[in-house]
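> kindly return the folded structure for what I paste below:
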Amino acid sequence: MGGSYSDLAGKVVVVTGGSRGIGAETAREFAAQGARVCVVGRDGGALDGVVEGISKDGGAAVAVIADVTDSGALERVREETEARFGPVDVVAAFAGGQGFPVPSAELTEERWREVIDSDLTSAFLTVRTFLAGMAERGSGAFILMSSAAGRQPSLANLAYGAANAGVVMMARHLAREVGPKGVRVNCIAPSAILTEKVEAMMPGEIKERVAADHPLGRIGTPGDVAQAALFLASEAGGYLSGITIDVAGGKITN
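Residues are numbered from 1 along each chain as shown. Reported below is the predicted structural model:
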């Protein structure tokens, strides 16, 4: 656990992509600050595990199974969260992650649309679901998830790079549009993060090379990203909107 943000206590937070990895850790960290968290994902068993862990640590959380590319499913997330905890103060739109390398000449139309939906359309639909309520109340914060692949060309597939670059611009555009309504919108762009999936797929020698490619000499952790999210959601980041934080261990990504 990193910094302490007492102003987050009692806030209602929705975290998409919360089944595991960065989203799950972010949900745990918000709950540890005293926030009431709705954890959203498609894997019911994994979601239940996250909520059970939060509850055992004395936190308040609820799991909602939803496909965040479905606006109807997101509306149900909003309704269930409000019924359980009240109006939503913070949304961490962290679902996505379809960056597996594919040569552009072999990238099918179907795969392109799938990645764009997963990483860009889902962010738009999530924001749209909660934006009107925040604007009406005159306060709220969105934290969108991009990637280093959206900041400069990478080995990830073209659709993933384009989608995540779009998320960065989405944050900038929305910050300008909804700032006068008291709503802040920021973005996080992680570089290599050692999630459970990456840990299982990346051999030790590759991990060493990736770590050495970052000036701080290590691969990032889900906790590194979660701490950036806490800061952006808190009053400590209260004058920040439209920015993207590169959680990249000193690696220049823009």
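> list the contacts of residue 249.
By CB atoms under 8 Å, 6 or more residues apart in numbering, the contact set of residue 249 is 191, 214-220. C-beta coordinates here come from the backbone N, C-alpha and C atoms, glycine included.
> could you pull out the strands for this structure?
Here the chain has its strands, by DSSP state E, at 12-16, 36-41, 60-65, 90-93, 140-145, 183-190, 244-247.
> mind checking which of the contacts of residue 249 are buried?
Neighbour-count burial (16 or more other CB atoms under 10 Å) applied to the contacts of residue 249 gives 191, 214, 219-220.
> for those, which one is nearest residue 241?
Nearest to residue 241 among the buried ones among the contacts of residue 249 is residue 191, at 22.9 Å by CB to CB.
> verify the contact between residue 19 and residue 51 for me.
No - the pair residue 19 / residue 51 is not scored as a contact, 10.8 Å apart, by CB atoms under 8 Å.
> need the residues touching each of these two.
Going by CB under 8 Å, 6+ apart, residues that sit against residue 19 and also against residue 51 are residue 39.
> save the strands of the chain as CSV, and put in distance to residue 83 and mean pLDDT too.
What follows is these, written out as CSV (distance: least, CB to CB, whole Å; pLDDT from 0 to 100):
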stretch, distance to residue 83, mean pLDDT
strand 12-16, 11, 98
strand 36-41, 10, 98
strand 60-65, 10, 98
strand 90-93, 17, 98
strand 140-145, 18, 98
strand 183-190, 22, 97
strand 244-247, 32, 96
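> now render these as CSV, adding mean neighbour count and distance to residue 172.
Shown next, in CSV, are the strands of the chain (neighbours: other CB atoms under 10 Å; distance: least, CB to CB, whole Å):
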stretch, mean neighbour count, distance to residue 172
strand 12-16, 27, 20
strand 36-41, 28, 25
strand 60-65, 21, 29
strand 90-93, 29, 15
strand 140-145, 26, 10
strand 183-190, 26, 8
strand 244-247, 20, 8
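> could those strands be laid out in TSV, adding distance to residue 228?
Output for the strands of the chain, formatted as TSV (distance: least, CB to CB, whole Å):
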stretch	distance to residue 228
strand 12-16	14
strand 36-41	17
strand 60-65	20
strand 90-93	10
strand 140-145	8
strand 183-190	5
strand 244-247	5
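> could the buried ones among the contacts of residue 249 go into a markdown table alongside pLDDT?
Shown next, in a markdown table, are the buried ones among the contacts of residue 249 (pLDDT from 0 to 100):
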| residue | pLDDT |
| --- | --- |
| 191 | 90 |
| 214 | 89 |
| 219 | 90 |
| 220 | 91 |
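> follow-up on the earlier one: and residue 119, which of the strands of the chain is closest to it?
Minimum separation from residue 119 across those (CB to CB) falls at strand 140-145, 8.3 Å.
> strands paired with the closest one, and their directions?
strand 90-93 (parallel), strand 183-190 (parallel) (DSSP bridges).
> how many neighbouring residues does residue 224 have?
Residue 224 has 22 neighbours, counted by other CB atoms under 10 Å.
> try residue 138
Residue 138: 10 neighbours (other CB under 10 Å).
> these two touch, right, it and residue 182?
Yes - shown here, residue 138 and residue 182 form a contact pair, counting by CB under 8 Å, at 4.0 Å.
> show me the shaky parts of the chain.
Applying pLDDT under 70 to the chain flags the ranges 1-2, 253-254.
> give me the outermost residue of it relative to its centroid.
Ranked by distance from the centre of the chain (CA atoms, centre = their mean), the top residue is residue 105, with 29.7 Å.
> please name every helix or strand in contact with the lengthiest helix in the chain.
The single longest helix within the chain, with elements called by DSSP state H, is helix 158-178. Packing contacts for helix 158-178, counted by 3 or more CB pairs under 8 Å, 6 or more residues apart in numbering; DSSP states H and E, involve helix 109-116, helix 122-137, strand 140-145, strand 183-190.
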